[in-house]
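Sequence and predicted structure below; questions after.
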Amino acid sequence: MSVYQESEQQTIASLYRQHHSWLFRWLRGKVESTESAADISHDIFVTLLAREEQLLLEEPRAFLTTLAKRSVANHWRRQYVEKAYLEAISDIPEDLHPSEEEQAIIIESIVAINQRLQGLPLDVKRAFLHAQLDGMKQQEIAEKLSVSVSTVKRYLSRAAAQCYFAISVK
């Protein structure tokens, strides 16, 4: 481990000691359970440890609040996706339900796709999801969205590029 990495870990350890309790209390007021607050708090500090750029913090609580707000938004987004998924499979006979592990993987995949498609116009997202999840052909998507096939092609290219570049950057 380099001197830089050791110094950075010490900075994060100090940040943790000085602000973890405050961050946990702040999160506890924003989410439904102590366990969720603890998980989010933990994830924030793990993310900081995994960063490659140096932390230069003049206002550590403002920085942690920004990270926490993003994490809480992601938490609620995941809760929404999980609830919608569980409602969707509730119509399927229980003996055909995916295992809990498979469900967790499916939910994480949906959340990741949703995150990668963020910022795209609704019709672009719909076209992509119809093609990928519903297996619809471009002509069917065009009819469903009341647009031309060439527009659907542009939508699909845009969504695919967004997913590709989101994956390649990480």
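Right, received. Where do you want to start? Residues are numbered from 1 along each chain as shown.

Grab the longest helix from this structure for me.
Longest helix in the chain, counting residues (DSSP state H): helix 60-89.

Going by neighbour count, list what's buried in that one.
Pro60, Phe63, Leu64, Leu67, Ala68, Ser71, Val72, His75, Arg78, Val81, Glu82, Tyr85 (16 or more other CB atoms under 10 Å). Using the backbone N, CA and C atoms, a C-beta is placed for each residue, glycine as well.

I'd like the average pLDDT over it.
Helix 60-89 comes out with an average pLDDT of 92.

after that helix, next one along is what?
helix 100-117 (DSSP states H and E).

quick one: contacts of that following helix?
74, 77-78, 81-82, 85-86, 89, 97-98, 124-125, 128, 159, 162-163, 166-167 (CB atoms under 8 Å, 6 or more residues apart in numbering).

same thing with stretch 16-34?
By CB under 8 Å, 6+ apart, stretch 16-34 touches 36-38, 40-41, 44-45, 60-61, 64-65, 68, 71-72, 75.

Okay, buried residues for that stretch please.
In stretch 16-34, counting by 16+ other CB under 10 Å, buried: Tyr16, His19, Leu23, Phe24, Trp26, Leu27, Arg28, Lys30, Val31.
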